[in-house]
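Enquirer: return atomic coordinates for the entry below.
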Amino acid sequence: MLRRLLFGSSLRIIAVIIVGTIAVAALMLSLAPEPESQEPPPQIPFAQTASVVAGSGAIPVFGSGTVRPSEEIDVAPQVGGKVVWVNPRFQSGGRVEAGQTLFRIEEADYAYRVQEAEANVAASRVAFLQEREQAAIASAQYELYSERRGTGDPSSGASPLTLREPQLDAASAALSRDEARLEEANLALSRTRITAPFDGFVREESVDAGQVVNPGQPVGRLFASAAVEVVVPLSDADAALIPGLWRLEAGDGARDVVVRVIARYGDVTYAWDGYVDRGESSVDAQTRTIDVIVRVPDPFEASVAAGQSGAIGDDPPLLVGKFVEVEIEGLSPEDYFQIPRAALQPGNEVWTVENDGVVSIVPVQALQRANDAVFVTGALRDGQAVITGGVQFATEGMRVQTASGSSR
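Expert: Numbering: from 1, shown residues only. The predicted structure is shown next:
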């Protein structure tokens, strides 16, 4: 019984403490000052901007391609025989000059043919001279016969056989035939020396002294060193920026459209001057691009280190097979602008920001896309701010904040 009384007293005490604590907390809350209410800040987005730059001069057209020879041929003899000598330069990587002998074929057989042809010409010339004299005698005899005859009809004349005209024509034809055979024999003899048709380099060769070669058998390959070409595939929009592209004729020497060809060797960038030689007259069926042919004169002689030079030793040549970048001088419109690539929005729009932070949507025409820049035409002005980031979408007249202030 005593335990029950003690337990009940403890419960009452705990209940009184809890009720008192709640009452004190309620009193403190009722006496606390109310917080001051503040209006939320305006929701104006922050936009990253850049400045429009007014363009001047030619719009660059960028592309890339692989260097190829402007001229390349297979080396093959026109006569057959045993090779008796090979030029030490006629090997892969060797440099040769126009007219330089690459290798020689044994001449003896062809020299004998020349001697035989000379003898035939001498015999034919004697026969021709004899026949000419006999024709002159026959003509004189016929005239004497006509004078003695007196009553003969002079209009009837003598037959060609009487005057030996066919015999003289045959002798003349035989002489011409033998002279042609002599020229052919001399030509074959001269062809025992195989020469380079132009200054160039040996890409490959497969001939040695003692080897027997046949006419038309390829034994090497040369390419010219005077110039190289770069095939640059461009979109039709980029090709349209090249002035007079479709009026250019291959090999006419016109160098109106200047090109800068850039290649890297190690950590150093080198540049060569070239020009647009021509454009292909068809579109690539797979890539739907137009091949523009860039020609670079003297690629193995002149190169200039571009940018910061860390070159060691001589400047390298523009090697065949090298992958290069090209920069073509395009058209020069009167009014165009350069903006960051990030400023060009889908649908060819640019979001401009005025000084009061109001956004305007300006439609533009993209002329060329470079690495980080776009060349456009439209209702822009030099130094105008354009949005490059921070805003996912924009409407005409909306306000934004920029780095220059709370609103621009």
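
Enquirer: can you check which strand is longest in this protein?
Expert: strand 268-283 (DSSP state E).

Enquirer: buried residues, that strand. List them.
Expert: 268-272, 274-279 (16 or more other CB atoms under 10 Å). For every residue, glycine as well, the C-beta is placed using N, CA and C.

Enquirer: ok, of these, which one's closest to Lys82?
Expert: Asp277 (42.5 Å; CB to CB).

Enquirer: count of residues packed around the residue lying closest to that closest one once chain neighbours are set aside?
Expert: Nearest non-adjacent residue to Asp277, counting by CB to CB, 6 or more residues apart in numbering: Arg295, 4.1 Å away. Neighbourhood size, Arg295 [other CB atoms under 10 Å]: 21.

Enquirer: re the thing from before, what helices and strands are in contact with the longest strand of the chain?
Expert: Helices and strands touching strand 268-283, by 3 or more CB pairs under 8 Å, 6 or more residues apart in numbering; DSSP states H and E, are strand 258-265, strand 290-297, strand 304-306.

Enquirer: ok, which of these comes nearest Asn87?
Expert: strand 290-297 (26.4 Å).

Enquirer: show residues contacting that closest one.
Expert: Outside strand 290-297, the residues that touch it by CB atoms under 8 Å, 6 or more residues apart in numbering are 63, 65, 67, 70, 226-236, 239, 242, 245, 250, 259, 261, 272-280, 283-284, 318, 326, 328.

Enquirer: same question for stretch 191-199.
Expert: Against stretch 191-199 from outside (CB under 8 Å, 6+ apart): 71, 73, 75, 77-79, 81, 95-107, 110, 222, 224-226.

Enquirer: just the buried residues of these.
Expert: 73, 75, 77, 79, 81, 96, 102-105, 107, 110, 222, 224-226.

Enquirer: dig out what the residue nearest to Asp277 forms beta bridges with.
Expert: Glu229, Tyr275 (DSSP bridges).

Enquirer: where in the protein is pLDDT low?
Expert: Within the chain, the ranges that satisfy pLDDT under 70 run 1-12, 15-16, 19-20, 23-42, 150-157, 252-253, 302-314, 404-408.

Enquirer: gap between the residue lying closest to Pro233 once chain neighbours are set aside and Leu234?
Expert: In this structure, Pro233 finds its nearest non-sequential neighbour in Thr289, 3.9 Å apart by CB to CB, 6+ apart. Distance of Thr289 to Leu234, given as CB to CB, to the nearest Å: 6 Å.

Enquirer: of the two, who's got more company?
Expert: The neighbour count for Thr289 versus Leu234, taken as other CB under 10 Å, is higher for Leu234 (22 against 17).

Enquirer: got the contact list for the more buried one?
Expert: By CB under 8 Å, 6+ apart, the residues touching Leu234 are 61, 63, 242, 289-292.

Enquirer: go again with 7 Å.
Expert: 61, 63, 289-290, 292 (CB atoms under 7 Å, 6 or more residues apart in numbering).

Enquirer: and these, which is closest to Pro215?
Expert: Closest to Pro215, out of all of those and judged by CB to CB, is Val292, at 39.3 Å.

Enquirer: near the closest one, how many other residues are there?
Expert: By other CB under 10 Å, the residues close to Val292 number 27.

Enquirer: do you know how far it is from Val213?
Expert: Per CB to CB, Val292 is found 40 Å from Val213.

Enquirer: what's the answer for Tyr110, then?
Expert: For Tyr110, the distance to Val213 (CB to CB) stands at 14 Å.

Enquirer: secondary structure class for Ser56?
Expert: Put simply, Ser56 is coil when judged by DSSP: H, G, I helix; E, B strand; the rest coil.

Enquirer: thanks again, I'm all set now.
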